[in-house]
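In: Just a sequence and a predicted model for now, questions to come.
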Amino acid sequence: MFFSFGIFRFEIVLKASDKFPADFRGAGASIGIRLPNLTWLRKLVGETGVPITATSANISREREVARIEEVRETFYGKVDLIVDGGKTRGNLPSTVIDLTSEDPKILREGAIPRSQLREYLGK
């Protein structure tokens, strides 16, 4: 598992192929894809040619952690690697958009507000 901190602006949830490992699929055979907002991370992914798995900077259904000290306190010994992406660009988590059905749904409003997404997602 690879853990990153403070580097994503949005995540999309898509239907996962049956060929995708079951351990990585969420409920309803879906998968969340995050797009990095840092040049060095995009370069790393591009140069390795492989996807990197990551988790959010929080335990499910618990508040987001905002400082690297909190990340270390929460996840030390529970993940293989913690990468300090530096100071975050704000206190908001990534926006999560579910695209598994005909009508897109915002699961979590975060760094990209709902008002900015309306023209792309409809009502």
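Out: Received the coordinates, thanks.
In: Nearest the geometric middle of the chain, what residue?
Out: Centroid check for the chain by C-alpha atoms, centre = their mean gives residue 34 as the closest residue, at 4.4 Å.
In: Could you pull out the buried residues of whatever helix or strand it lives in?
Out: Using DSSP states H and E, residue 34 maps to strand 30-36. Neighbour-count burial for strand 30-36, counted by 16 or more other C-beta atoms under 10 Å, picks out 31-32, 34, 36. In short, each C-beta sits where N, CA and C put it, glycine included.
In: Which positions in the helix or strand just after it come out as buried?
Out: Toward the C-terminal end, the helix or strand that comes next after strand 30-36 (DSSP H and E) is helix 39-48. Buried residues in helix 39-48, defined by neighbour count with 16+ other C-beta under 10 Å: residue 41.
In: So which residues of this protein form helices?
Out: Using DSSP state H, the helices found in the chain span residues 39-48, 68-75, 114-121.
In: Let me have the ones you listed in CSV, extended by distance to residue 107.
Out: Compiled in CSV, the helices of the chain are given as follows (distance: least, C-beta to C-beta, whole Å):
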stretch, distance to residue 107
helix 39-48, 23
helix 68-75, 22
helix 114-121, 11
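In: so which of the ones you listed gets nearest residue 11?
Out: Residue 11 lies closest to helix 114-121 among the helices of the chain, at 12.8 Å (C-beta to C-beta).
In: and the strand holding residue 34, what does it pack onto?
Out: Here strand 30-36 touches strand 8-15, going by 3 or more C-beta pairs under 8 Å, 6 or more residues apart in numbering; DSSP states H and E.
In: close enough to count as contact, residue 35 and residue 41?
Out: No - contact status for residue 35 versus residue 41: not in contact, 9.9 Å apart, counting by C-beta atoms under 8 Å.
In: what comes up buried for stretch 64-80?
Out: Residues 64-66, 68, 71, 75 are the ones in stretch 64-80 that count as buried (16+ other C-beta under 10 Å).
In: which one of those is nearest residue 24?
Out: Once C-beta to C-beta is applied, the member of the buried residues of stretch 64-80 that ends up nearest residue 24 is residue 75, at 18.7 Å.
In: how close does the closest one get to residue 59?
Out: Remark: distance between residue 75 and residue 59 (C-beta to C-beta, to the nearest Å) = 9 Å.
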